[in-house]
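Novice: Have a look; sequence and predicted model below, questions after that.
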Amino acid sequence: MYKKALLINENGDEFIGWSTEEFKPITGELIFNTAMTGFVEILSDPSYVNQIITFTSSHVGNYGMSKTDFESSEPKIEAAIANSFTYNPSSWRSEKSITDWLNEYNIPFSGGFDVRTVTTHLRDAGSDMYAFGTDIDAKDLKKFLKKAKNIIGDDSALKAGSGNSEYIKTKGKIGILDLGAKTSIVSVLKEKNFDTVLINPETTPDEILSLELSGLLISNGPGDPRSLTQVIENVKNLIGKLPIFGICLGHQILGLACGLNVEKLDFGHHGSNHPVKINGIKKALITSQNHGFSVESLNEPINHQEYGTINAYATNLNDGSNEGISLWDSNAYSVQFHPESGPGTTDGLQIFNPFIEMIEEKHAS
Amino acid sequence: MPANKEIKSILIIGSGPIVIGQACEFDYSGSQAAKALKNEGYRIILVNSNPATIMTDPGMADATYIEPLTASFLERIIEKEKPDAVLPTLGGQTALNLSMELSEKGIFEKNNVELLGASADSIEIAENRWKFKEAMEEVGIKTLNATYAKSFEEGLEASKKIGYPLMLRPSFILGGGGTGVVNNDKELNKKLKDAFTASPTQEVLIEESVYGWKEFELEVMRDSDGNGVIVCGIENFDPMGVHTGDSITVAPIQTLSDKEYQLMRDEALLCLDTIGIATGGSNVQFAVNPENGDRRIIEMNPRVSRSSALASKATGFPIAKFAALLAVGYNLTELKNDITGTTPASFEPVQDYVVVKIPRFDFPKFPSTDDILGTSMQSVGEVMSIASTFTESLTKAIRSLEIGKTGIRNIDNRFINLDKHQLQQEINIPRPRRIFAIFEAIRRNWPIEDISELSKIDIWFLREIEKSFNVNPESTPTTILKMLGWTDEDLDNNDSKKELESNRVYKLVDTCSAEFVSKTPYLYSTNGTSNDDTASKQKKVVVIGSGPNRIGQGIEFDYCCVHGVSSLKENGYEAIMINSNPETVSTDYDTADKLYFEPLSWSEVKSVLDREKPDSVIIQLGGQTPLKLAKEIHNAGFNIAGSSLDVIDSTEDRDLFQKLCLSQDIKQPSSKIANNEKELVESVKEIGFPVLLRPSYVLGGRAMRVVKTDEELNNYLDILAGAEEDGNPFKSGPLLVDQFLTDTIEIDVDLISDGKDVFIAGILEHLEPAGVHSGDSTAVIPPYSINKEMIKEIEDKSTKLALGLNVQGLLNIQFAIKDNELFILEANPRASRTMPFVAKVTGNQIIKAGTLLMLGYTINEIKDKTNYLNSSTQKIAIKKAIFPWSRFPAEDTMLGPEMKATGEVLGIGKDFGTALNKAYAAAGVEIGDKEKGVFVTLSDAEKPNFIEVVNKYIDLEFSIYATEGTASFLKENNIESIIVGRADDESPTSLTIIEEKLISIVINTPTFANEYTDGWKIRRLSHETGVAVVSSVREAEAFLEAFLLQEKVLDDMEAIQNVS
């Protein structure tokens, strides 16, 4: 039997879907993702903590879940809504259906939504906190919004990763400042023959430096980067002291450390098809994106007292937004998109090269 | 890089006539390219032999040549126009092959013509399967285990090594002709021989077979900076083994994970890089083993293809347009995404809907052919549909096919009555009807795994369909029902129907799943809660399109729709198009002001009309399809533009039409209706042989036929009886018996009328004897053998009929002249197949004018206010039909009253002979490339009629070859001939003389029989080797005129812009 599934925000904007399951109400930031493949990666990406994902793709879960595609150990989202979820997947790699997988973690989901209407609304009105529930009336559901976490000031990145604070044999390894790092980042470095160590984000700069890491990668992660004040401070003290590469939230942290502004985007970039132009690379990259905040655009280079020249490194060709900065004088750079893919094209893999060149002291700034 | 301005002029080569495997999608791509490059300021020279195309409209290029697509004609055009560059990648395989030929002959080099998009070397690598294989393996992309054979013997040996099942693929062929799966030694000999015959280069690739693997296609765009994007991924519902053109296909890809998809994407881009495709659109095809994901690259087309047209329509990304712009130096980051208008073209479109394409077949027209689908394409058209789920989209696609099916739950009794074994067979063997057998198996609750095992169709698709059969409509929300493909017709009660209908909303195809605002009104209906756009309050007209291409209703009608739309736009109306055919120009989002990509079934059309509330609905332009909706449109209270419902009734109802003709003093051949054999015999006796017979309800394979003797009559009855379970030929209804006028000249008249005045646009004279369907015949404009008085009479009678009917808009009339008497055969109050061609050669834009007449303008007003009807030129132009015989090797190529042609070519000249010569050349018969010989083989009755014409051939020093009977008759008439033996005799035989190119024409009067006679073999071989075959004195005489002028044809070429 079908039950009405409901999404509602503080303004009373509501969307209806149809679910065959019953779920307890939850809240989260409602966003949309336009990728047509990669649901396993998306659902297990720690950057989606506290978010309700709207899949715009018509059918989700067709090929089933496979652990080899995980970006972390489990699904991280608050809820998933779609047009249609596949209960009986088809693939030689499938281990279980998306529906069984989400049920296992008590993560609500529902099909039967007019996802295009949801997306259009988010595009025009901006993303917002929504409550989701099944078989519940709007008034009751709305009450849950009071308990909802605010998007602004959300510091869940501090707890999103699995990095601990005890480290052994770190010399020469790449440290990943773990704000909710995706498995793909580790895998890419591993494929390039680098050992990595996950670092708790609250680790002090001195401690980090004492680990004798070959480089530091500031990872992706959820929430509002501006709330991570201590992390930003720590990074400020690390720039120039070892090669640094920031990805997504890591890019925003590096930007903030350089004194750049970070603002919330109206509805963010979530998908696998965004064209990005990189300085020094002729062709545009088709990139994987997942962020709600953005670093201000650099119209011209900034001369930073301590770090030297800060340049724009990458630009989103859709809206001209900042996709990367470089501090070559200080051996640091960062990108807003996901060069490690997972999901998405492999176009971005080459963006790891400057980091590796820095580590190998071959990078020409 | 911005556009290359060193190049000033560009030659675009079209794809020629519509044939299976190469249809109007290339008119769509050619038109897009021409428009885009002309906009950039280039001088465009365009060549195409197909007059029914939008691309050959005078405004599309600076110099348009409707000339044969052969090396000699192209060489002359290049010398004349001196283009700086040629774009070979937009006119299908025809343009690509022709460009390769011209390149090999050094013609481009000699004339300093640059090849844009791809170099000759790259094309060679992509097209030669062996070189392709080598190139792919070098960069680590897996191909099929295969060997390349240059001779039959090599082929045999290689086949043994690879083992069965294996696949034969001849090099340089179009749409897969001659390809096939071989399962055992027994099949090998024949199929290997066929493959070698099909390959113009005598090369055949012998491969491991991947029958039943998943099949995917990626549409790739690349620019000179190396930007590469996948525009669209397509998954075939029918797995490997069925030609992708004959497969149901789905976009986006449904059953691949991101990891597998990205690996495939990487390989597709690497493939283009490796082959050296500098810029443009290509499609790359893959097979994936469903057991373990093992992947093979199958092929890549270094050009815009049928799938690119589909991909463009499926995503809103105009591949051909961009391919043209990239070829002149732009890159993707500089071009804007047309649909959003704000974002760049260097992105990968995403879809928040599912697109389903289903091919449309015409097997009943080819009764000797089994309708099993294989690796050689046999479909004649396709439909596309868009909706939010696979099942809803599949349902809409089935509705779009116009085969009387309302959706997936509407299963024929023929399947319901099958036993288990029969149904298993139906699912196991791929045929056009397999999908319906699958529905029946699902309805019977067969395990989905079993159906998947039998069909090799991925279980995901089958499970989605299964959901539709497993729901209880009472307890299921309407949204879900609609998502599962339920339609009005599936529901019993009116309230539920209404609720289902109220769930229908209109969404945009926008390339980005609503991430960005899109202003392009390219719409589809689906279930949902809100509409993406609203109807305007402007003065507006809806044009209903012609649906999928089929034999008899093809590109010509799309041409008419496109012209109708431009007329509306030029005259201040909002033009709204509804159509379901992805191959066409009419479904380009750039054509109309608003495009609804929808099935042309009443429920969908009504819904559009309800929301748009148009001032008028145009049903005269899309052939028979919109006419069928006339009554419902009228009854629903919408205004039909122009000629009323009565006009349609008066022409379609036999009695009403008879009355009308009688009242206007227009003669008709006599006719009867026979309800049983006794009545049939009586009717035939009364009318007298020959008669034209046809079932009143034309069903599969049961066709019209001209019957001349009792024996032929019995033969025909046997065929009809064979199609019925109880052997009663009258089971499905009565037979219509018409007097068949022999020795007649058939005439087509195309006219437009405002109800008071008539403008006769063209009178066409057919070359073939009566009894050949007008769509199959060779038509000459203006008439070449009819006297002035008769022309006057034709004009008078046509005018009388048009006014008598009160036609407002278009009218096509078919007449026959017998013994200087005029008979009317039929009248159609709509656009005709010949109107585009008449418009093009007369220079009068009759469709545009006709459209205004439908809206109440008068002919005088149009003459005053527009330039639509002010041309006075008239060239001599001859249309020749093009047939799909090569796809149907079991068929007789003899022509009859049922249309078999898929396309047409045009020959234009200062005189009749030149025009005919060109028409032949364009149809693949190069008159001058053979010895001067004529082969005469006649039926006894016809022999005396041909003496005179044979003597004319002798006067021109032709060698006369004849079969024994004909030879002795000729001898009695003092004509010496070389006697050739029967097909299975020692050489020379009727076949060897054709094979050895000793003759340039066969004069053969066919008789109707249900077997493979010598005549059958002669006709087929002639067709396959490009030898003219004629069956009447008129045609034989006409051929001589063409023959005499062959030295001069190349001198008689002019761009159509210079003439009118």
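Specialist: Perfect, I can see it now. All values reported here derive from a predicted model rather than from experimental measurement.
Novice: where in the stretch 551-700 of chain B is pLDDT low?
Specialist: For the stretch 551-700 of chain B, the stretches flagged by pLDDT under 70 are B:696-700.
Novice: which stretches of it form helices?
Specialist: For the stretch 551-700 of chain B, the helices defined by DSSP state H, counting those that start in this stretch cover B:555-570, B:602-612, B:624-627, B:630-635, B:645-652, B:654-663, B:677-687.
Novice: Now do the fifth one: which elements does it pack against?
Specialist: Under the contact criterion of 3 or more CB pairs under 8 Å, 6 or more residues apart in numbering or on different chains; DSSP states H and E, the helices and strands touching helix B:645-652 comprise helix B:630-635, helix B:654-663, helix B:788-805, strand B:821-828. C-beta coordinates here come from the backbone N, C-alpha and C atoms, glycine included.
Novice: List the buried residues of the second one.
Specialist: So the one you mean is helix B:654-663. Neighbour counts over helix B:654-663 (16 or more other CB atoms under 10 Å in any protein chain shown) mark B:Phe657, B:Leu660, B:Cys661 as buried.
Novice: Can you name the residues that contact the last one?
Specialist: Under the criterion of CB atoms under 8 Å, 6 or more residues apart in numbering or on different chains, the contact partners of B:Cys661 comprise B:Lys667, B:Gln668, B:Leu801, B:Ile824.
Novice: Pick out the least confidently modelled helix or strand of chain B, by mean pLDDT.
Specialist: Across the helices and strands of chain B, mean pLDDT, DSSP states H and E gives its lowest value to helix B:710-722, namely a mean of 81.
Novice: before we move on, what SS does B:Asn945 have?
Specialist: Assigned with DSSP: H, G, I helix; E, B strand; the rest coil, B:Asn945 falls in the helix class.
Novice: now it, nearest residue through space, not along the chain?
Specialist: Excluding its sequence neighbours, the residue lying closest to B:Asn945 (CB to CB, 6 or more residues apart in numbering or on different chains) is B:Val1033, at 5.7 Å.
Novice: Check A:Met65 too.
Specialist: A:Trp101 (4.7 Å).
Novice: What helices and strands are in contact with the helix or strand hosting that neighbour?
Specialist: Using DSSP states H and E, A:Trp101 maps to helix A:98-104. Packing contacts for helix A:98-104, counted by 3+ CB pairs under 8 Å, 6+ apart, involve helix A:39-43, strand A:109-110.
Novice: residues in contact with that helix?
Specialist: The contact list for helix A:98-104, computed with CB under 8 Å, 6+ apart, reads A:21, A:39, A:43, A:60-61, A:64-65, A:75, A:80, A:85-87, A:89, A:108-109.
Novice: quick one: the closest residue to chain B within the stretch 1-150 of chain A and B:Leu500, what's the gap?
Specialist: Nearest to chain B in the stretch 1-150 of chain A, going by CB to the nearest CB, is A:Gly38, at a distance of 3.5 Å. Computed as CB to CB, to the nearest Å, the A:Gly38 to B:Leu500 distance reads 34 Å.
Novice: Which one's more surrounded, these two?
Specialist: Neighbour count, other CB atoms under 10 Å in any protein chain shown: between A:Gly38 and B:Leu500, A:Gly38 has more, with 25 against 21.
Novice: Enumerate every residue touching that one.
Specialist: Contact analysis of A:Gly38 by CB under 8 Å, 6+ apart lists A:Asp69, A:Ser272, A:Gly342, A:Pro343, A:Gly344, B:Ser257, B:Asp258.
Novice: Then B:Leu656?
Specialist: Residues in contact with B:Leu656 (CB under 8 Å, 6+ apart) are B:Asp649, B:Ser650.
Novice: mind running it again at 10 Å?
Specialist: Contacts for B:Leu656 (CB atoms under 10 Å, 6 or more residues apart in numbering or on different chains) come out as B:Asp646, B:Asp649, B:Ser650.
Novice: where does B:Thr873 land on pLDDT?
Specialist: Note on B:Thr873: pLDDT of 76.
Novice: what do you get for A:Thr170?
Specialist: Predicted confidence (pLDDT) at A:Thr170: the value is 87.
Novice: returning to what we had before: deepest in the core, which of the helices of the stretch 551-700 of chain B is it.
Specialist: Each of the helices of the stretch 551-700 of chain B was scored by mean neighbour count; the highest is helix B:555-570, a mean of 27, by mean count of other CB atoms under 10 Å in any protein chain shown.
Novice: and B:Pro836, helix, strand or coil?
Specialist: With three-state DSSP as the basis, B:Pro836 sits in helix.
Novice: How much space separates the most centrally placed residue in chain A from A:Pro222?
Specialist: Centroid-nearest residue in chain A, with CA atoms, centre = their mean: A:Ser47, separated by 3.7 Å. According to CB to CB, A:Ser47 and A:Pro222 sit 5 Å apart.
Novice: who's in contact with the residue nearest to the centre of chain A?
Specialist: Contacts for A:Ser47 (CB under 10 Å, 6+ apart) come out as A:71-72, A:76-77, A:157, A:160, A:179-182, A:219-223, A:248-249, A:270, A:290-292, A:338.
Novice: Now for the closest residue to A:Tyr307 other than its chain neighbours, how many residues are close by?
Specialist: Counting by CB to CB, 6+ apart, the nearest residue to A:Tyr307 once its immediate chain neighbours are dropped is A:Ser330, at 4.3 Å. As a burial measure, A:Ser330 scores 22 neighbours (other CB under 10 Å).
Novice: Surely B:Gly545 and B:Glu583 touch.
Specialist: No. Counting by CB atoms under 10 Å, B:Glu583 is not a contact partner of B:Gly545; they are 11.4 Å apart.
Novice: anything in contact with each of these two?
Specialist: Overlap of the contact sets of B:Gly545 and B:Glu583 (by CB under 10 Å, 6+ apart) consists of B:Asp558.
Novice: Comparing the two, which residue is more hemmed in?
Specialist: Set B:Gly545 next to B:Glu583 and count neighbours by other CB under 10 Å: B:Gly545 wins out with 32 against 28.
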